[in-house]
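Novice: Prediction below, plus the sequence it came from.
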Amino acid sequence: MNHRRTLTGTLLAAALLASGCTGSGGGSKAADAKAPDDPSKVSGTIKVLTHRTDIVQDGTMKKYAAEFNKIYPKVKVEFDAITDYEAEVKIRMNTKNYGDVLMIPGVIKKNDYPRFFASLGTQDELAEKYRFTGFTTVDGKVYGQSPMGATPGFLYNKRIWAEAGVTDWPTTPDEFLTALKAIKSKTDAVPYYTNFAAQWPLTHWTFVNGSVSCDTGATTALAETDPWGENGELRVGDTLLYDIVKQGLIEKDPTTTNWEESKPKLAKGEIATAWLGSWAVIQFRQAAEKAGADPDDIGFMPFPARVDGKACATANPDYNQAVSIHSKHKAAARAWVDWFTDKSGYAEDNLSIATLKNAPLPELLKPYEEQGVKLIELDDAEGGLVKEIDNASEVGIYAPEYRQDLVDLARGAKDGTLDDFLDDLGEHWTEAQKTVGS
């Protein structure tokens, strides 16, 4: 079952396959998938590729399709659920046969979108209605649309934190460490769970970017500055992770962690905290119900940083749905993309941020509203360049390896100092900035 999403899908997946995709199946010129005006005239069978194997297997996607057919009765929707989505779809995209609708693999370079996907319209037009359009815009045209968004943060067991005497969200990394120490001394819970063995959860630490500075231009900053320089946002996040591990506030042996087992453990209070994304809350609450624990114990808090007294959290798209440039039923495929975003209820079902700008925030983010957390959307105009710099530097900010090394360094399984480690990352990154695009 493929649970990770997220946060970004678009960012997390980028590093799973860093080689880039130059598939021969890409289209030679741009095409459009216009929104149909008359549902009764839209017909055809469309294949939808998805990473959500879980909700295909349990019949949820079939129910969505049944609702879709009430509006588009002449369209037949078939789902192809793929466990190793990134690797499998990358191979398929070397041909012309990669479905009619698919989630855009993170490995595809942004500037190559017109070679593989049909345009959904101009950003000027779509941005009036939808969030996240900039993440798939090339030369003013939008090539993908996410059905929902998420924000990074700490999942935590509110009961355990309260038992440790911590009821207010920490506002600085030092306050956060103090809270974890109180949990360790006053409860039996593991203060923080790394999910080291699963690897991909470690990549979520990159998504502190923007939350520390409250700057919508944080992605551009990655392309232009050293993320591990003095006050660099990744330095702030990586230093906190290092300190958590160094001070013995994690599980006994990170190499034996288990993603699936972490859900009921956090729900029951055996684990107190984990850095993930808002997309994960529903999974942990469902695990609480199955374990006989209280789902309401699962809370969500922003990164411990404040700008002018305010916390900031970035809103990021999930996997973006796109229409294949080779689809023979582009109108039907576009109808599915729009319906799934606008009317399916998928975002609400997953307690996620709706892509529609006029939709309310999900219930789990109500505390954010109450405490004045500012939700910001990062400008992704330089997102493609950041990926190229990341590949050239061989750092892998969206891959797990360097943070596994960081955890190993903090727990004494690897020699060196934190400053040397982060400075080395910065050197590789800034050198790549000089060569990429030159």
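Specialist: It's in.

Novice: For P317, give the beta-bridge partners.
Specialist: G149 (DSSP bridges).

Novice: Poorly predicted segments of the stretch 301-438 of the chain, please.
Specialist: Using pLDDT under 70 as the threshold, the predicted model of the stretch 301-438 of the chain has low-confidence ranges 437-438.

Novice: That one: helices as residue ranges?
Specialist: Counting by DSSP state H, counting those that start in this stretch, one finds helices in the stretch 301-438 of the chain at the ranges 330-342, 346-349, 366-370, 383-393, 401-410, 418-435.

Novice: dump the residue contacts of K265.
Specialist: Under the criterion of Cβ atoms under 8 Å, 6 or more residues apart in numbering, the contact list for K265 reads 190, 193, 271. Every residue, glycine included, has its C-beta placed from N, CA and C.

Novice: How many residues are close by the nearest residue to R334 once chain neighbours are set aside?
Specialist: Distance criterion Cβ to Cβ, 6 or more residues apart in numbering; nearest residue to R334, sequence neighbours excluded, is A33 at 4.1 Å. A33 is flanked by 27 other residues according to other Cβ atoms under 10 Å.

Novice: and what of the one 5 residues further on?
Specialist: Residues near D38, counting by other Cβ under 10 Å, number 7.

Novice: And for the one 5 residues further on?
Specialist: Here the neighbour count serves as a burial measure; for S43 (other Cβ under 10 Å) it reads 13.

Novice: Now do it, the pLDDT please.
Specialist: Taken from the predicted model, the pLDDT recorded for S43 is 97.

Novice: before we move on, what about the one 3 residues further on?
Specialist: What the model reports for I46 is a pLDDT of 98.

Novice: cool, and the one 3 residues further on?
Specialist: The model reports L49 with a pLDDT of 98.

Novice: Helix, strand, or coil at it?
Specialist: Put simply, L49 is strand when judged by DSSP: H, G, I helix; E, B strand; the rest coil.

Novice: That one: what's it in contact with?
Specialist: L49 makes contacts with 80, 82, 85, 89, 98-99, 101-103, as judged by Cβ under 8 Å, 6+ apart.

Novice: go again using 10 Å as the cut-off
Specialist: 79-82, 85, 88-89, 92, 98-103, 105, 321-322, 324 (Cβ atoms under 10 Å, 6 or more residues apart in numbering).

Novice: And for P173?
Specialist: Here P173 is in contact with 212, 236-237, 239-241, 243-244, 303-305 (criterion: Cβ under 10 Å, 6+ apart).

Novice: now, which of the contacts of L49 lie within helices?
Specialist: When helices are assigned by DSSP state H, the members of the contacts of L49 inside them are 85, 88-89, 92.

Novice: Kindly reformat those residues as JSON lines containing distance to V281, pLDDT and neighbour count.
Specialist: Putting the ones in helices among the contacts of L49 into JSON lines (distance: Cβ to Cβ, whole Å; pLDDT from 0 to 100; neighbours: other Cβ atoms under 10 Å) gives the following:
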{"residue": "Y85", "distance to V281": "22", "pLDDT": "90", "neighbour count": "24"}
{"residue": "E88", "distance to V281": "28", "pLDDT": "93", "neighbour count": "16"}
{"residue": "V89", "distance to V281": "27", "pLDDT": "94", "neighbour count": "24"}
{"residue": "R92", "distance to V281": "32", "pLDDT": "96", "neighbour count": "18"}
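
Novice: in which helix or strand would I find the nearest residue to N350 once chain neighbours are set aside?
Specialist: Of all residues not flanking N350 in the chain, I282 sits nearest, at 5.6 Å (Cβ to Cβ, 6+ apart). I282 belongs to helix 281-291 when assigned by DSSP states H and E.

Novice: With D188 instead?
Specialist: According to DSSP H and E, D188 maps onto no helix or strand at all.

Novice: tally of neighbours for it?
Specialist: The burial count assigned to D188 is 11, neighbours taken as other Cβ under 10 Å.

Novice: Wait, it touches N157, no?
Specialist: No. At 11.9 Å, D188 does not count as touching N157 under the criterion of Cβ atoms under 10 Å.

Novice: Give me the common contacts of these two.
Specialist: 163, 269-270, 272.

Novice: Report the two of these separated the most.
Specialist: Based on Cβ to Cβ, the longest span within those runs between E163 and E270 and measures 12.9 Å.

Novice: Between these two, which contacts overlap?
Specialist: Taking Cβ under 10 Å, 6+ apart as the contact definition, E163 and E270 share the neighbouring residues 157, 187-189.

Novice: Filter these down to the buried ones.
Specialist: For those, a neighbour count by 16 or more other Cβ atoms under 10 Å gives the buried set as 157, 187, 189.

Novice: and the last one, what does it touch?
Specialist: Residues near A189 by Cβ under 10 Å, 6+ apart: 157, 159-161, 163-164, 180, 183, 265-266, 268-273.

Novice: and the two most separated of the ones in helices among the contacts of L49?
Specialist: Y85 and R92 (10.5 Å).

Novice: what sits in contact with each of the two?
Specialist: When contacts are counted by Cβ under 10 Å, 6+ apart, the set common to Y85 and R92 consists of 49, 102, 105.

Novice: Let's have the residues you listed in JSON lines, adding distance to A291.
Specialist: Conversion of the shared contacts of Y85 and R92 to JSON lines gives the following (distance: Cβ to Cβ, whole Å):
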{"residue": "L49", "distance to A291": "33"}
{"residue": "L102", "distance to A291": "35"}
{"residue": "P105", "distance to A291": "34"}
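
Novice: sorry, back to before: of the contacts of L49, keep whichever come out buried.
Specialist: The neighbour-count criterion (16+ other Cβ under 10 Å) marks 79-82, 85, 88-89, 92, 98-103, 105, 321-322, 324 among the contacts of L49 as buried.

Novice: Return the backbone torsion pair for G277.
Specialist: Reported as degrees, to the nearest 10, the phi and psi values for G277 are phi -160, psi 160.

Novice: Could you count how many residues lie near it?
Specialist: Other residues within reach of G277 by the criterion other Cβ under 10 Å amount to 25.

Novice: swap in R334?
Specialist: When counting by other Cβ under 10 Å, one arrives at 26 neighbours for R334.

Novice: what's the answer for L177, then?
Specialist: 20.

Novice: I'd say it and P170 touch.
Specialist: Yes. The pair L177 / P170 is scored as a contact, 8.3 Å apart, by Cβ under 10 Å.

Novice: Next up, the contacts around the residue nearest to N350.
Specialist: When contacts are counted by Cβ under 10 Å, 6+ apart, I282 is found next to 295, 298, 349-352, 362, 364.

Novice: circling back to that earlier point, which one of the contacts of K265 is nearest T53?
Specialist: Closest to T53, out of all of those and judged by Cβ to Cβ, is Y193, at 24.1 Å.

Novice: Next up, the contacts around that closest one.
Specialist: Contacts here follow Cβ under 10 Å, 6+ apart; on that basis Y193 touches 155, 201, 250-251, 254, 257-259, 261-262, 265-266, 270-276.
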